[in-house]
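**Q** only the shape, not the letters, is given here:
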């Protein structure tokens, strides 16, 4: 951190006492918003160079214990590569376009998750929408009952089939009539955890790009379906792909469980309330990174400053912990590991504790 920025932050802290100030926090980490495009590209390509060969080896006919290891490693790698979709939606139009194209060609289209499916993520950060019905990535899991947690996790088993059906059948049907296209974009084009979420289409959105990505994913889905039929690959490939998809989605769904406390009752929340409803996981440098790739362990920090690139989140977190006043709301977001945060969610759901929060 620069001496000037540190001095300004300290003066701000002195003038504001122990009160939390987003402006003060911004001064502390103000030099950490620049992205490193070369790092993004290298990280993605190295990750895919590990993930794809492992997955291909896992799907080979026969059986060997090393294929189980390849399944585990390959799924973790694809989970990390897929998580770049979160970085992409926070870049804005015209920023790092070559990387966006690279990611969609190498990851988004082959995995049937083009980046336009996640552009609705911005609703999750908007102060009027966070934690409300307009937020597709929020369910009041912390308010109970416990069966809602199990219902959430059961989605993992059907999501790969829904994604395949979306591109295999709904994509070609959607182009038959503008009203069909609009229905598909509004109701079946959002990568979210709330099945009742409806996407709000806005003027100026790049529908032509969406259409091209949709068609590419449609061709990919049809290729996956036809390859075993024409004898290009064994029929076991279908089951292998489904298992891998469930594994990768399951990792993300599990991570989501401790991204927030999920205690909101549907009312709009302020930026600070959004922060304190979110969680930072410190955890082990290796194991936590596997389940929370690309800095997703610092989810409360991300909601405080969504523009910080993943490679600077750890540094930003350490600065804020060290320089913000003790007992600030930011400190209250920190949990030592995944299991502590999960136990809190279970306790809230079981006792209805979130309703009293």
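**A** That came in fine, so what should we check first? Computed from a predicted model, the values in this text were never measured in an experiment.
**Q** contacts only, for residue 254.
**A** If you count contacts by C-beta atoms under 8 Å, 6 or more residues apart in numbering, residue 254 has them with residue 291. Placement of C-beta: from N, CA and C, glycine included.
**Q** quick check: residue 248 vs residue 161, distance?
**A** 14 Å (C-beta to C-beta, to the nearest Å).
**Q** higher neighbour count, these two?
**A** Under the neighbour definition other C-beta atoms under 10 Å, residue 248 and residue 161 were set side by side, and residue 248 has more, 26 against 13.
**Q** ok, that one to residue 343 distance?
**A** Relative to residue 343, residue 248 is positioned 25 Å away (criterion: C-beta to C-beta).
**Q** quick one: average confidence on stretch 206-218?
**A** For stretch 206-218, mean pLDDT rounds to 96.
**Q** so what's the residue nearest to residue 276 when sequence neighbours are not counted scoring on pLDDT?
**A** When the adjacent residues along the chain are set aside, residue 276 lies closest to residue 329, with 5.1 Å between them (C-beta to C-beta, 6 or more residues apart in numbering). The predicted local confidence for residue 329 comes out at a pLDDT of 91.
**Q** SS state for residue 329?
**A** Classification of residue 329 into helix, strand or coil gives coil, according to DSSP: H, G, I helix; E, B strand; the rest coil.
**Q** so it is in contact with residue 272, correct?
**A** Yes - using C-beta atoms under 8 Å as the test, residue 329 is close enough to residue 272 to be in contact (6.1 Å).
**Q** can you give me the strands in this structure?
**A** Using DSSP state E, the strands assigned to the chain run over residues 280-281, 334-335.
**Q** format those as TSV; extra columns: mean neighbour count, distance to residue 99 and mean pLDDT.
**A** Rendered in TSV, the data for those read as follows (neighbours: other C-beta atoms under 10 Å; distance: least, C-beta to C-beta, whole Å; pLDDT from 0 to 100):
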stretch	mean neighbour count	distance to residue 99	mean pLDDT
strand 280-281	25	26	97
strand 334-335	18	31	96
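**Q** in TSV, list those strands along with distance to residue 124.
**A** Conversion of the strands of the chain to TSV gives the following (distance: least, C-beta to C-beta, whole Å):
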stretch	distance to residue 124
strand 280-281	17
strand 334-335	20
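**Q** closest one to residue 230 among these?
**A** Across the strands of the chain, the minimum distance to residue 230, taken as C-beta to C-beta, is reached by strand 280-281, at 46.2 Å.
**Q** and that closest one, what does it pack against?
**A** Strand 280-281 is packed against helix 299-304, strand 334-335, with contacts defined by 3 or more C-beta pairs under 8 Å, 6 or more residues apart in numbering; DSSP states H and E.
**Q** okay, the ones you listed, which one's buried deepest?
**A** Looking across these with neighbours counted as mean count of other C-beta atoms under 10 Å, the highest average goes to helix 299-304: a mean of 24.
**Q** hmm, who's touching that one?
**A** By C-beta under 8 Å, 6+ apart, the residues outside helix 299-304 that reach it are 22, 25, 125, 259-260, 271, 274-276, 278-281, 295-296, 308, 313, 316-317, 320, 330, 333-334.
**Q** give me the buried subset of the residues you listed.
**A** Applying a neighbour-count criterion of 16 or more other C-beta atoms under 10 Å, the buried members of those are 25, 125, 259-260, 274-276, 278-281, 295-296, 308, 313, 316-317, 320, 330, 333-334.
**Q** for this protein, which spans come out with low pLDDT?
**A** Applying pLDDT under 70 to the chain flags residues 1-20, 353-357.
**Q** residues near residue 131, how many?
**A** 24.
**Q** residue 174 is nearest to which of the strands of the chain?
**A** When the strands of the chain are ranked by proximity to residue 174, the top entry is strand 280-281, at 39.0 Å, counting by C-beta to C-beta.
**Q** who's in contact with the closest one?
**A** For strand 280-281, the surrounding residues in contact (C-beta under 8 Å, 6+ apart) are 258, 288, 292, 297-301, 317, 333-338, 341.
**Q** repeat the analysis, applying 7 Å as the threshold.
**A** Defining contact as C-beta atoms under 7 Å, 6 or more residues apart in numbering, one finds that strand 280-281 is touched by 258, 288, 292, 297-301, 317, 333-335, 337-338, 341.
**Q** then stretch 41-52?
**A** Outside of stretch 41-52, the residues that reach it under the criterion C-beta under 7 Å, 6+ apart are 73, 74, 77, 78, 80, 81, 84, 99, 102, 103, 106, 107.
**Q** repeat that with 10 Å
**A** Counting by C-beta atoms under 10 Å, 6 or more residues apart in numbering, stretch 41-52 makes contact with 36, 70, 73-84, 87, 96, 98-99, 102-103, 106-107, 110, 244, 248, 293-294, 310-311, all of which sit outside it.
**Q** mind checking how far that stretch is from the chain centre?
**A** Computed by C-alpha atoms, centre = their mean, to the nearest Å, the separation of stretch 41-52 from the middle of its chain amounts to 18 Å.
**Q** so which bits of it are buried?
**A** 43, 44, 47, 48, 50, 51, 52.
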